[in-house]
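Asker: Requesting a structural model of the entry that follows:
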Amino acid sequence: MTMTKKALVVGLGISGRAAAEKLLREGRRVLVNDLSASSAVEEVATELSRAGADVELGHHDSRLLEDVDLIVVSPGVAGNIALLKDAQSLGITVWSEIELAWRFAKGPVVAVTGTNGKTTTVSMIEAILQQAGRPAMAAGNIGFPLVKAVEEALEGDVLVVEVSSFQLAYIEDFRPQVAVLLNIAEDHFDWHDHMKEYIEAKSRIWVNQGEGDLVVTNLDDPLCIEAAEKAPYRRAFFSKHDSEAAATFVRDGILFSRIGPAGSLLDKAKPIVQLQSIRLAGEHNLENAMAAASAALALGVGAEAVGNSLCNFKGLAHRLQFISDIGGIEFYNDSKATNPHATMRALSAFQQPLVLILGGRNKGLNFQELAEEVEARRRKGGIRIVYAMGEAGAEIKKALTAAGPDIETRQVEGLEEVFKEIPDLASSGDVVLFSPACASFDRYENYKQRGKHFQSLVERYGGEGKRHG
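Answerer: Predicted structure coming up:
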C-alpha cells in the first residue's frame, strides 16, 4: 500500500479507531473525523491525536478531503452523506475497515454475511475449526476489528469474519476463500435506500472470488438463490429439506453434506450429526449450523469433527439465550433481534404460550409481517400478551392492532413496567421472550447493554420469590 498523501478515517467507533491506529502504525498521515463531539468520541480522538493523528469533530465538511487519497469509513456512517459522494466524484478511494485489513491477512479468510444469524454462525465456524486443531480467530462485526485480528493471527491462521452490508459496500479487492450468505430480509433501511441496494451490497461478498473459492448460501431463501446466480465461481447450497440441489441438507432427522476439502463436491453425502443432538433451538439455528458445517468442511475439517463440535456448541449471549426457569416460567433473552425477521425466527423456536416483549428504535422497517405472524400464533393459543415498549412502541401497537384486534397489546416505556405485570400474567409452562425487533439506541448504548438489563430484571424477579402458577 503506497504511503503518499493523507488517509481520512470517518467514524470513530470500534472499527474506525482500529483502522486509524493501523494506518498510523503503517506510517500514514491520518486525519480522523466524527460527526459527534461527545465526551466518548473526544476521548478516542485525544488518544489518536497523541499517537500522531489530526482530528476534526462535529462535522463532515468536504474541506476534510483536501490532500486525501484514501478514506476508511466506519460501518455506522451512512453511505449517502455528502462527504463520501464528493470523495467518489473526486476519484478518492473509499474503503471499509475490512478492505484495509484484508490486505494484511496471512491466512485463509471465511466471510459470513446475511440479515440474521451472522455472529452465531461465525462463532460456530471458529469453534469447529479450533476443536479440530485448526487455528482460527473470529473477527469483524462480531466486535473484534479485522485490522486487529490480522496483526494477532499467525501465518496460516483462519480468519472467520462477520461482515455487514455497510462494510461490503466499500470493498475493492476483499476476497474470502469461503463466502457465506445466510439469508436476506428487510433490514437497515436507515442506511440503504431500498431493498435492491441492500441485496447488491450483500452480494459483494463474492465479487472478487476466483478459481478455488466457494460460495455457501441458503436454498430455502429465494432472495439468496437469486443473488447467488451472479456468483462468479462455485456455489454450495444448504437446505432444511432433502434436495438434490443442496450440498448440505437434512434427511430423516440427520444432517448430511457432500462438501469435501477445498470445497469439492463429493458423489456421496456423509452424515454429520443428528438434529436432536444440536443444542440450539429454532429452525434459524439449524440454518446457521448447516452454513457453519459447510464452511468447515470446505476448509478440510472431517465430518465427524464437525458433528461433534455442533453438538457441543451452546450458543451466544443475547441470541435466544435461556436465562432462567422461575416457577415453571422460562425467560429468554434475544436482545440481538434488532429487526422484525429476527423476531419471527425466534417465535418459530417455541411452541409454548408467549409473553412477547417488543420495541426500541425502528430502523426504517415495516412491522406488518411480524404482526401477522403474532396474530397467527394468537389464534393457535400461542400468545398471552405483547408488550410494545420504547420509541417504536406506538408504531408496533398500531401494526398489531391492524393485523389482529384481539391481540392483547400493552404499550409501555420500558422493561421495568413489564416485570411489574408478569406475576399477574404469566403461568407455569409459559415463555417470556424478549425479542425486540428494533435497535436499542432509544434507551441503551447497544443490544448487549439492553440484554444485560433484561437479565438483571429476571434475576431480581427470581430473587423476590415470585414463583407461582
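Asker: Wasn't residue 385 part of a strand?
Answerer: Yes - the assignment for residue 385 is a strand, going by DSSP: H, G, I helix; E, B strand; the rest coil.
Asker: what's the pLDDT at it?
Answerer: Residue 385 is assigned a predicted lDDT (pLDDT) of 96.
Asker: now swap in residue 1 and tell me
Answerer: Residue 1 is given a pLDDT of 51.
Asker: for the stretch 151-300 of the chain, what are the low-confidence residue spans?
Answerer: In the predicted model, the stretch 151-300 of the chain carries pLDDT under 70 at residues 186-194.
Asker: Do a quick rundown of the strands in it.
Answerer: 158-162, 178-181, 214-218, 234-238, 248-251, 254-259, 265-274 (DSSP state E, counting those that start in this stretch).
Asker: Tell me which of those is the most buried.
Answerer: Comparing these by mean neighbour count (mean count of other CB atoms under 10 Å), strand 178-181 comes out on top with a mean of 30. For every residue, glycine as well, the C-beta is placed using N, CA and C.
Asker: That one pairs with which strands, and in what direction?
Answerer: strand 109-113 (parallel), strand 214-218 (parallel) (DSSP bridges).
Asker: how near is residue 335 to residue 198?
Answerer: 23 Å (CB to CB, to the nearest Å).
Asker: what about the two, which has more around it?
Answerer: Remark: of residue 335 and residue 198, residue 335 carries more neighbours, 27 against 22, as counted by other CB atoms under 10 Å.
Asker: just so I know, which of the strands of the stretch 151-300 of the chain lies nearest residue 34?
Answerer: strand 158-162 (22.9 Å; CB to CB).
Asker: partners of that closest one in the sheet?
Answerer: Sheet pairing for strand 158-162, using DSSP bridges, gives strand 109-113 (parallel), strand 136-140 (parallel).
Asker: wait, which of these is closest to residue 168?
Answerer: strand 109-113 (6.6 Å).
Asker: With adjacent residues omitted, what lies nearest to the residue nearest the centre of the chain?
Answerer: With distances taken as CA atoms, centre = their mean, residue 118 lies nearest the centre of the chain, 4.1 Å away. Spatial nearest neighbour of residue 118, excluding adjacent residues (CB to CB, 6 or more residues apart in numbering): residue 162 at 4.7 Å.
Asker: tell me the contacts of that neighbour?
Answerer: Contacts here follow CB atoms under 8 Å, 6 or more residues apart in numbering; on that basis residue 162 touches 112, 113, 118, 119, 122, 138, 139, 140, 141, 142.
Asker: buried subset of these?
Answerer: Applying 16 or more other CB atoms under 10 Å to those, the neighbour count classes 112, 113, 118, 119, 122, 138, 139, 140, 141, 142 as buried.
Asker: which residue sits closest to the first one, ignoring its sequence neighbours?
Answerer: Read it as residue 112. Closest to residue 112 by CB to CB, 6+ apart is residue 180, at 4.4 Å.
Asker: partners of that neighbour in the sheet?
Answerer: So, taking DSSP bridges as the rule, residue 180 has residue 112, residue 216 as bridge partners.
Asker: can you pull the contacts of it?
Answerer: So residue 180 contacts 110-114, 121, 205, 215-217, 291, 294-295 (CB under 8 Å, 6+ apart).
Asker: at 7 Å instead, please
Answerer: 110, 111, 112, 121, 216, 291, 295 (CB atoms under 7 Å, 6 or more residues apart in numbering).
Asker: Would you format those residues as CSV with distance to residue 326 included?
Answerer: Formatted as CSV, the contacts of residue 180 follow (distance: CB to CB, whole Å):
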residue, distance to residue 326
110, 39
111, 40
112, 35
121, 31
216, 40
291, 34
295, 38
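Asker: Looking at these, point me to the pair that's furthest apart.
Answerer: 111 and 291 (11.8 Å).
Asker: Helices along the stretch 301-450 of the chain, start to end?
Answerer: Counting by DSSP state H, counting those that start in this stretch, the stretch 301-450 of the chain has helices at residues 303-312, 340-347, 368-379, 393-403, 415-425, 447-463.
Asker: Against which helices or strands is the longest one packed?
Answerer: Looking back up the chat, that one is helix 447-463. strand 321-326, strand 329-333, helix 415-425 (3 or more CB pairs under 7 Å, 6 or more residues apart in numbering; DSSP states H and E).
Asker: same thing with the fourth one?
Answerer: Using 3+ CB pairs under 7 Å, 6+ apart as the contact definition, the elements that helix 393-403 packs against are strand 354-359, helix 368-379, strand 383-389, strand 409-412.
Asker: Deepest in the core, which of those is it.
Answerer: Among these, highest average neighbours (mean count of other CB under 10 Å) belong to strand 354-359, with a mean of 26.
Asker: That one pairs with which strands?
Answerer: strand 383-389 (parallel), strand 431-434 (parallel).
Asker: Now residue 203: closest residue in space, sequence neighbours ignored.
Answerer: Closest to residue 203 by CB to CB, 6+ apart is residue 227, at 4.7 Å.
Asker: Domain-wise, how is this structure divided?
Answerer: 6-91, 100-312, 321-463 (automatic domain parsing).
Asker: Make TSV from the contacts of residue 162 and add distance to residue 258 and pLDDT to it.
Answerer: As requested, these are arranged in TSV below (distance: CB to CB, whole Å; pLDDT from 0 to 100):
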residue	distance to residue 258	pLDDT
112	21	98
113	23	95
118	24	92
119	27	90
122	23	96
138	26	95
139	29	96
140	28	93
141	30	84
142	29	83
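Asker: who's in contact with residue 266?
Answerer: Neighbouring residues of residue 266 by CB under 7 Å, 6+ apart: 258, 260.
Asker: could you measure it against residue 351, distance?
Answerer: For residue 266, the distance to residue 351 - CB to CB - is 36 Å.
Asker: what's the distance between the closest residue to residue 351 other than its chain neighbours and residue 443?
Answerer: Distances taken as CB to CB, 6+ apart place residue 382 nearest to residue 351, at 7.4 Å, with adjacent residues excluded. As defined by CB to CB, residue 382 lies at a distance of 28 Å from residue 443.
Asker: next one: residue 85
Answerer: Where residue 443 is concerned, residue 85 sits at a distance of 33 Å (CB to CB).
Asker: between the two, which one's more packed in?
Answerer: Taking neighbours as other CB under 10 Å, residue 85 and residue 443 compare with residue 443 leading, 17 against 12.
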